[in-house]
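Need coordinates for the below:
(2 chains)
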Amino acid sequence: MTDPAPALAAPDRKHTVEIQRRSFIVGAGGAAATGLLASCASNATEPPAAKLASDAAVPFRGANQAGIYRPAPQQQAACFAAFKVLCSDAADLKSLLQRLTVKASLLGGGHKASDALPAVELSGVTGAPPVNSGVMGEDVPAAGFTMTLGLAGSLFDNPAYGLAAKKPRGLTDMKVFPNDQIDEAWIGGDLILQLCADSSDMVHYALRDIMKATRGQLQLQWKINGFHNAPRPEGAPRNLFGYKDGVVNPDEAEQLVWIGKESSQPAWTEGGTFMVVRIIRMLVEFWDRVGLGEQDNMIGRHRASGAPLGMAKETDTPDYSSDPEGTTIPLDAHIRLANPRTKETAGSRMLRRGYNYELGVDLNGNLQAGLIFTSFQQSIQDQFEATQTRLANEPMVDYIQPFGGGYFFVPPGVRDANGYLGEGLFA
Amino acid sequence: MLITAAPPATMDDAVSAYHVYVTARLGELRQHALTLKAAVGNADVASARQAWLAAQQCWQRVGAAYGSFGDLGDAIAPGSRGLQAGSADPEFSGLRRIEYGLWHGQGPGELVPVVEKLLADLDALDAKLPELAVDPADMPLRLHEILEDAQRDHLSGVGDQGSGMALALTRADVEATQEVLAMLAGLLESLKAGYPAALDAQLSQLAAAIDATKTTEGWVAYPEVPLAQRQRVNAAIGRALESLALAPALFSTDD
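So this is what the prediction gives:
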């Protein structure tokens, strides 16, 4: 958003926002300030990634889960891991969610070898294989780690768990849009973990640690690792097409992400959000053979500065009303379709928090690389799908191939020591 | 199966029970190898494949994980790893070599000598078996390594030489593990109450998950098994392996 952001602590949420910010060990000011990155050019001189030291802890507890709006500077490394849930019944599912909660809290807090571990972490057998893989050393730093848990519709549909009445409205299977080329190997799963940290080794450590603890209850269905680029040279980072991406993200105070009290959703969902993951192959070789003018017109921005076409700075607001024919920014440019900046479309904006990926070599010798598009919103239909529908058949579709991902509901956060992720399912 | 009496009360008793068990399995394996030799000699591929599977499963039930029985054991069913020409290497021998031939159109000319060598190796192992002391420290290792091998070599697809029988072999590995568990159950119970019962339940779950993949046609190659069923097998073996990994430490006296 280019409008000045309203005060961060909106009345109905100020409690948790302030707690989170206060307990932010490193860069608390940065966390608050970079939330306004999209709208304050002055922040562009402070790369958000640099704000987090490797021992920074992101608070696990709060009204909302971490890994969405906190930490405000997106971590550099991520893993999106979708699992089949193999719990035998609701009680077993509850124990799984409790175990994942312990893991998220422990991993996010960092712990020293000398720190006591909860009993559930210990085998009780002297000389048993170490509980810690050692990848992060004996003292595990917090490394800005966050685990964000999402549940797919299939989990609510499974009669073994009896959760049909708790299913959030609009939690459908992932919609297949025109131009999508879905690969069965890259969809499905009942539960997703978005693991983010300041380093790839921490992400690996966490996934391995979590899987070891949940071996019989979770089976990995698909997983993909992502990396977040540093700003080049400043402002929003560039995607693999070389364009600044994520310039415009709604601030938390705009209330487009968290499910509120007044929603038509089941009560337990308050403080949760919907998560969309779309794995989008980007045909980077093809893209690199396109002239700069055509590239700019497809995106709607100048590649060098990131500014909307005809403007100077990436944070400048395009004025579509004085460009009704699309002479400056084509009517089918990506940024114009994605966010037409009208009153009618303002509510379809969402928080994007994607990561780039690389996956080796395609059959044709090209790089398999692209974007793990990730968005958080109150309604998949009114926000993500409405936006994606506007984007159908944009000129850029020749250069991208969405092939996997899913829709998930992210339960509210854990507020106290006895709470656990998804506890509202069993209330 | 063989263990009809009360579970062994000491590790020495467990080792003795294992010896008796292995001797009986090797006798069965010899019979399967003779059947195999006849079928290969008759160029009866269907019967030969059947006999190979019976022999290979029998060998899995011996539970000869991680090179127990030394070189004599290694000769029975080595993999093709580390050979310059892989499965086509002239040095490749044993049960997996026969599998390779039977699923790659090879006939008696190529395979009879391999089966004959197998029989000679079995005789050699059988003759030496009384002298091959099983280290008591090996028993708890065996308890978890048989299934580690199953996951590493069978379910990964790495060891397959064309038969696609990973699940049949893993199922035999579960039986071997259940046998070793029965031999160690009394000792384990005294070291960690409830542990052998928990292992037993997890191994039963694994066996059930594997059996559920079987169709009226028989065993299905692992990659062809529907994902949902594979996930059940992978989850069950994963859970069992995590539990079994505690066994060696329970017997360890180094602390």
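
From here on, just use CA atoms for contacts and neighbour counts.
Noted.

what does the stretch 151-300 of chain A put close to chain B?
Residues of the stretch 151-300 of chain A that fall close to chain B, judged by Cα under 8 Å from any Cα of the partner chain: A:212, A:215-219.

Scan these and report the most crowded one.
Highest neighbour count within these: A:Gln219, with 27 neighbours (other Cα atoms under 10 Å in any protein chain shown).

And for the helix or strand encompassing that residue, what's in contact with it?
A:Gln219 belongs to strand A:218-227 when elements are defined using DSSP states H and E. The contact list for strand A:218-227 (Cα atoms under 8 Å, 6 or more residues apart in numbering or on different chains) reads A:76-87, A:185-189, A:211, A:355-358, A:372, B:231, B:234-235.

at 6 Å what do you get?
Contacts with strand A:218-227, where a contact means Cα atoms under 6 Å, 6 or more residues apart in numbering or on different chains, come from A:76-86, A:186, A:189, A:355-357.

Check stretch A:109-118 too.
For stretch A:109-118, using Cα under 6 Å, 6+ apart, the contacting residues are A:57, A:138-142.

Output those of the residues you listed also counted as contacts of chain B.
Counting by Cα under 6 Å from any Cα of the partner chain, nothing from those sits close to chain B.

Where does the stretch 201-350 of chain A get nearest to chain B, residue-wise?
Per Cα to the nearest Cα, A:Gly216 is where the stretch 201-350 of chain A lies closest to chain B, at 4.4 Å.

check contacts around that residue.
B:235-236, B:239.

What separation is there between it and A:Thr148?
21 Å (Cα to Cα, to the nearest Å).

For the stretch 151-255 of chain B, which segments count as helices?
Taking DSSP state H, counting those that start in this stretch as the criterion, the stretch 151-255 of chain B carries its helices at B:166-191, B:195-211, B:227-244, B:247-251.

Kindly report the same for chain A.
Taking DSSP state H as the criterion, chain A carries its helices at A:14-22, A:28-34, A:90-109, A:153-157, A:200-213, A:284-287, A:292-299, A:334-338, A:386-391.

looking at chain B, which helix or strand is least sure?
Least confident helix or strand, chain B: helix B:70-74 with a mean of 84, by mean pLDDT, DSSP states H and E.

Now it - C-alpha only, PDB.
Taking Å, rounded to 0.1, in the frame of the first residue of the first chain, the C-alpha atoms of helix B:70-74 are listed here in PDB:
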ATOM      1  CA  GLY B  70      31.300 -62.600   7.500                       C
ATOM      2  CA  ASP B  71      32.400 -63.400   3.900                       C
ATOM      3  CA  LEU B  72      30.500 -66.700   3.900                       C
ATOM      4  CA  GLY B  73      27.300 -64.800   4.500                       C
ATOM      5  CA  ASP B  74      28.100 -62.000   2.100                       C
END
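
Can you report how many residues lie near B:Gly164?
When neighbours are defined as other Cα under 10 Å, B:Gly164 has 21 of them.

ok, it to B:Arg49 distance?
According to Cα to Cα, B:Gly164 and B:Arg49 sit 12 Å apart.

got it, and A:Leu106?
A:Leu106 is 52 Å from B:Arg49, where distance means Cα to Cα.

Between the two, which has more neighbouring residues?
More crowded of A:Leu106 and B:Arg49, by other Cα under 10 Å: B:Arg49, with 20 against 17.

so how far is whatever helix or strand that one lives in off the chain centroid?
Using DSSP H and E, B:Arg49 falls within helix B:45-62. Put simply, helix B:45-62 sits 11 Å off its chain's centre (Cα atoms, centre = their mean, to the nearest Å).

Show me what that helix is packed up against.
helix B:11-41, helix B:166-191 (3 or more Cα pairs under 6 Å, 6 or more residues apart in numbering or on different chains; DSSP states H and E).

C-alpha coordinates for that helix, CSV please?
What follows is helix B:45-62, C-alpha atoms only, in CSV (Å, rounded to 0.1, in the frame of the first residue of the first chain):
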residue,chain,number,x,y,z
VAL,B,45,11.2,-68.9,-16.0
ALA,B,46,7.9,-68.7,-14.0
SER,B,47,8.9,-71.5,-11.6
ALA,B,48,12.4,-70.1,-11.4
ARG,B,49,11.1,-66.7,-10.4
GLN,B,50,8.9,-68.3,-7.8
ALA,B,51,11.7,-70.4,-6.4
TRP,B,52,14.0,-67.3,-6.4
LEU,B,53,11.5,-65.4,-4.3
ALA,B,54,11.1,-68.2,-1.8
ALA,B,55,14.9,-68.5,-1.5
GLN,B,56,15.4,-64.7,-1.2
GLN,B,57,12.6,-64.4,1.4
CYS,B,58,14.1,-67.3,3.3
TRP,B,59,17.5,-65.5,3.3
GLN,B,60,15.8,-62.4,4.6
ARG,B,61,14.3,-64.4,7.5
VAL,B,62,17.8,-65.5,8.5
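
what residues does the stretch 151-255 of chain B put near chain A?
B:235-236, B:238-239, B:246, B:249.

Is it possible to get a markdown table of these that adds pLDDT?
As requested, those are exported to a markdown table (pLDDT from 0 to 100):
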| residue | pLDDT |
| --- | --- |
| B:Ala235 | 98 |
| B:Ala236 | 98 |
| B:Gly238 | 98 |
| B:Arg239 | 98 |
| B:Leu246 | 96 |
| B:Ala249 | 94 |
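
Now the two most distant members of the residues you listed.
B:Ala235 and B:Ala249 (23.3 Å; Cα to Cα).

Contacts for stretch A:376-391 next, please.
With Cα under 6 Å, 6+ apart, stretch A:376-391 has contacts from A:257-259, A:273-275, A:337-338, A:348-351.

The same query, at a cut-off of 7 Å, please.
Here stretch A:376-391 makes contact (Cα atoms under 7 Å, 6 or more residues apart in numbering or on different chains) with A:170, A:256-259, A:273-276, A:337-338, A:347-352.

Which of these fall within strands?
Using DSSP state E, the members of the contacts of stretch A:376-391 that fall in strands are A:273-276, A:351-352.

B:Tyr100 contacts B:Gly164, correct?
No - contact between B:Tyr100 and B:Gly164 fails when scored by Cα atoms under 7 Å: they sit 10.8 Å apart.

quick one: the strand holding A:Gln219 to helix A:200-213, angle?
170 degrees (axes from the mean of the first three to the mean of the last three Cα atoms, to 10 degrees).

Buried residues, stretch B:150-159. List them.
Of all the residues in stretch B:150-159, those buried under the rule 16 or more other Cα atoms under 10 Å in any protein chain shown are B:150-151, B:153-155, B:157, B:159.

With chain A as the reference, measure out to the residue nearest the centre of chain B.
The residue lying closest to the centre of chain B (Cα atoms, centre = their mean) is B:Gln60, at 1.6 Å. When distance is defined by Cα to the nearest Cα, to the nearest Å, B:Gln60 is 24 Å away from chain A.

Now for that residue: which residues touch it?
Counting by Cα under 7 Å, 6+ apart, B:Gln60 touches B:169, B:172-173.

hang on, the earlier thing: make JSON lines from the residues of the stretch 151-300 of chain A next to chain B and add distance to A:Arg238 and pLDDT to it.
Output for those, formatted as JSON lines (distance: Cα to Cα, whole Å; pLDDT from 0 to 100):
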{"residue": "A:Lys212", "distance to A:Arg238": "35", "pLDDT": "97"}
{"residue": "A:Arg215", "distance to A:Arg238": "37", "pLDDT": "97"}
{"residue": "A:Gly216", "distance to A:Arg238": "40", "pLDDT": "97"}
{"residue": "A:Gln217", "distance to A:Arg238": "38", "pLDDT": "98"}
{"residue": "A:Leu218", "distance to A:Arg238": "35", "pLDDT": "98"}
{"residue": "A:Gln219", "distance to A:Arg238": "34", "pLDDT": "98"}
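
follow-up on the earlier one: for the helices of the stretch 151-255 of chain B, give me CSV that also has mean neighbour count.
Shown next, in CSV, are the helices of the stretch 151-255 of chain B (neighbours: other Cα atoms under 10 Å in any protein chain shown):
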stretch, mean neighbour count
helix B:166-191, 22
helix B:195-211, 19
helix B:227-244, 22
helix B:247-251, 19
